[in-house]
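Trainee: following is a predicted model, sequence given first.
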Amino acid sequence: MDYRMPLYIQLQDIIIKKIEEKKYLPGEAIPSERKMAETYGVNRMTVKRAINKLVELGYLIRKPGAGTYVAQRDHKKIDLSYMNAATGNTGVSAMLRKSGMNTSSKVLGLGEITESKYLNYKLALGKEENVYGLHRVRLADGQPFAIEYTYVPQKDFEDIENFDFSKVSLYDYMDTKEHMPIHFIQNLVICEANEKVAELLDIERGTAVFKIEYQGADKDYNVVEYTKSYMNPAFAEFRFLAEEK
């Protein structure tokens, strides 16, 4: 093992690799914490920490009194490794619908934002220009799967407040204004859910979630969207696939 990297992270990677290579099959029990500690030369607290994180991420499930098992592959999960410039932010809902899940939205707020240097920077706006913010909880089969904080330039969407985005698709609306985002810059990290995120996603505080940021540009490369999203990993997975050299 590489002792420059935390041992529990190395152990997580080993377990994930065994799952991906089908050395640990869905529904199969993994070795006990004691056995893993002996095999990899680490203490049981390191093993427990690695397993706890993989349970949070949906790779493993605990069965009280029976051990820890590889989670059954949920074919309704979306694979974020396929969210690229072709699919972009719209890919989240589209891929969930394609997998057979019904999607909907709960609007938390919609309003004008003025004098935000940060948002104006993200949207490539002048300092005097205003922004509209749309905050939503996204639902799949009635269960919250993501919180989205979306911001768009006021100049491009002056009548946005006239629409109910619990019923109307934001991207359909943007398309009618000829500012549909089709070019994306994206960033994904894993973070722990704070109290607000945990409450809105109906998960335990501290649960690992995907934090995804998007900047979307229309066909003319005008930046028309900045979105920050927190997604429950129970509905998604992300796989990094290295190219062979």
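Mentor: Ah, there it is.
Trainee: okay, how far is it across stretch 189-204, tip to tip?
Mentor: Start-to-end span of stretch 189-204 (Cα to Cα, to the nearest Å) is 19 Å.
Trainee: which of the residues in it are buried?
Mentor: 193, 197-198, 200-201, 203 (16 or more other Cβ atoms under 10 Å). From N, CA and C alone the C-beta is placed, and that goes for glycine too.
Trainee: straight-line length of stretch 158-170, end to end?
Mentor: Per Cα to Cα, stretch 158-170 runs 14 Å from first to last residue.
Trainee: give the buried residues for that stretch.
Mentor: Across stretch 158-170, burial judged by 16+ other Cβ under 10 Å covers 160, 163, 165, 170.
Trainee: phi, psi of the residue of the chain positioned farthest from its centre?
Mentor: The C-alpha centroid of the chain is most remote from Glu38, which lies 34.7 Å away (Cα atoms, centre = their mean). When read as degrees, to the nearest 10, the backbone of Glu38 gives phi -70, psi -40.
Trainee: contacts only, for it.
Mentor: Applying Cβ atoms under 8 Å, 6 or more residues apart in numbering, we find Glu38 in contact with no residue.
Trainee: what's the neighbour count on Val55?
Mentor: If you count neighbours by other Cβ atoms under 10 Å, Val55 ends up with 16.
Trainee: so it, which state does it fall into?
Mentor: helix (DSSP: H, G, I helix; E, B strand; the rest coil).
Trainee: so it touches Tyr69, yeah?
Mentor: No: using Cβ atoms under 8 Å, Val55 is not in contact with Tyr69; the gap is 10.1 Å.
Trainee: overlap in contacts, the two.
Mentor: Contacts common to Val55 and Tyr69, judged by Cβ under 8 Å, 6+ apart, are 61-62.
Trainee: hang on, the earlier thing: take the buried residues of stretch 158-170 and keep only those in helices.
Mentor: Members of the buried residues of stretch 158-170 lying in helices (criterion: DSSP state H): Leu170.
Trainee: and which of the buried residues of stretch 158-170 is nearest Ala50?
Mentor: Of all the buried residues of stretch 158-170, Leu170 has the smallest distance to Ala50: 38.7 Å, by Cβ to Cβ.
Trainee: what helix or strand is Tyr121 on?
Mentor: Using DSSP states H and E, Tyr121 falls within helix 117-122.
Trainee: quick check: buried residues in that helix?
Mentor: Quick answer for helix 117-122 (16+ other Cβ under 10 Å): 119-120, 122.
Trainee: who are the packing partners of the helix or strand following it?
Mentor: Tracing the chain past helix 117-122, the next element assigned as helix or strand by DSSP H and E is strand 131-140. Judged by 3 or more Cβ pairs under 8 Å, 6 or more residues apart in numbering; DSSP states H and E, the packing partners of strand 131-140 are helix 90-98, strand 103-113, helix 117-122, strand 143-153.
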